[in-house]
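1. Need the 3D shape of this:
(one chain, ligands or ions: 1)
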Amino acid sequence: MRSIDYDTEQHQDYARGRALTQQQLQVWIGAFAEALPERRPLAGLDVGSGTGRFTPALAGAFGPVVGVEPSDRMREVAQTRSPHPGVRYLPGTAEEMPVPSDSADYALLGWSWHHVQDKPRAVRELARVLRTGGRLLLRTNFSDHHPRPWWLEYFRRGYEADAAIFQPLHEVIALFTSAGWRVTGFGTVTESSAGTRGEMLARLRLRTLSFFAQLSPDELQTGFDRLEQAVAADPDAPAPEFAEPLLTLELC
Ligand SMILES: C[S@@+](CC[C@H](N)C(=O)[O-])C[C@H]1O[C@@H](n2cnc3c(N)ncnc32)[C@H](O)[C@@H]1O
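-> Next up is the predicted model:
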């Protein structure tokens, strides 16, 4: 995939382009709660925390969270938009986290795994920072378990280009299980509607998805023209619900 430098692109628009409704956020927190131990507080890591879309909600639900994020600009937005007494945002990557060994009960890798360059190193680093029995919430797509959002079909090569960003499920599982992890769950989480199709189109126009960086200017133009035409027919229709994969693992 063409890699994204969030310090030079996307950081200005990410929070708006990827905004979640309160209802959608609660669906995710509920799904994460099901995969985590019941005791509270839990010490959490939000790895690739971006603009802090999830970090304060994780702190509110489970306990103190460190948001680890390599992009200075994304961290600045997070600190400004999403301050929370239970959250600290620190510079770092999944491969190298500025936190002590055995210090966390769980880590969320939310929509960030496909950006991790050295995945075997990240698997080892996650094992270092989590305690034995620690949980990993891996919210990512897989090339062979790939969601089809309603708007993707309007982009030529859309599904193939999007799926190619991700690894197949068995490859991700093998990486972790060969390094001392066990799978505790795999399924999909259904987000409620993101609003109307018109609102969704306005967010998509901000292009805060890695997918858009994979297309040529011509593919982008044609795709957005087709999508705009389709949405114009009924802009107030609700955007359909959307199911996305969640893989959960435990450090043995
Ligand atoms: C699509 S955003 C997701 C942000 C946030 N988790 C969310 O759901 O809104 C991907 C984030 O991963 C970060 N990232 C890039 N490389 C990374 C790495 N090696 N380790 C951790 N995060 C990384 C990016 O800077 C970016 O903020």
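
2. residue ranges of the strands in the chain, please?
-> Ranges of strands within the chain are 44-47, 65-68, 87-90, 104-110, 130-139, 181-191, 242-251, based on DSSP state E.

3. Could you export those as CSV, including distance to F54 and mean neighbour count?
-> Every C-beta, even on glycine, is put in place using the N, C-alpha and C of the backbone. Below are the strands of the chain laid out as CSV (distance: least, CB to CB, whole Å; neighbours: other CB atoms under 10 Å):
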stretch, distance to F54, mean neighbour count
strand 44-47, 6, 29
strand 65-68, 9, 28
strand 87-90, 10, 19
strand 104-110, 6, 24
strand 130-139, 9, 20
strand 181-191, 13, 15
strand 242-251, 13, 20
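
4. Between these, which one is closest to the ligand.
-> Of all the strands of the chain, it is strand 104-110 that lies closest to the ligand, at 3.9 Å by CB to the nearest ligand atom.

5. Quick check: residues of the stretch 101-250 of the chain near the ligand?
-> 110-112, 115-117 (CB under 6 Å from any ligand atom).

6. Any idea which of the strands of the chain gets closest to A19?
-> For A19, the closest of the strands of the chain is strand 181-191, at 12.2 Å, according to CB to CB.

7. From the contact counts, what lies against the closest one?
-> If you count contacts as 3 or more CB pairs under 8 Å, 6 or more residues apart in numbering; DSSP states H and E, strand 181-191 packs onto helix 22-35, strand 130-139, helix 169-177, strand 242-251.

8. May I see those arranged in TSV, with mean pLDDT as well?
-> As requested, the helices and strands packed on strand 181-191 are exported to TSV (pLDDT from 0 to 100):
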stretch	mean pLDDT
helix 22-35	97
strand 130-139	98
helix 169-177	98
strand 242-251	97
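
9. Out of those, the one nearest W150 is which?
-> strand 242-251 (8.0 Å).

10. Can you list the neighbours in contact with the longest helix along the chain?
-> In the chain, taking DSSP state H as the definition, the longest helix is helix 217-232. For helix 217-232, the surrounding residues in contact (CB atoms under 8 Å, 6 or more residues apart in numbering) are 151, 154-158, 197-198, 201, 204-205, 212, 215.

11. Max pairwise distance over those: which two?
-> Within the contacts of helix 217-232, R157 and G198 form the most distant pair, 25.0 Å apart (CB to CB).

12. Would you confirm that H114 contacts D162?
-> No. With contact defined as CB atoms under 8 Å, H114 does not count as touching D162 (10.5 Å).

13. what residues are shared contacts of those two?
-> N141.
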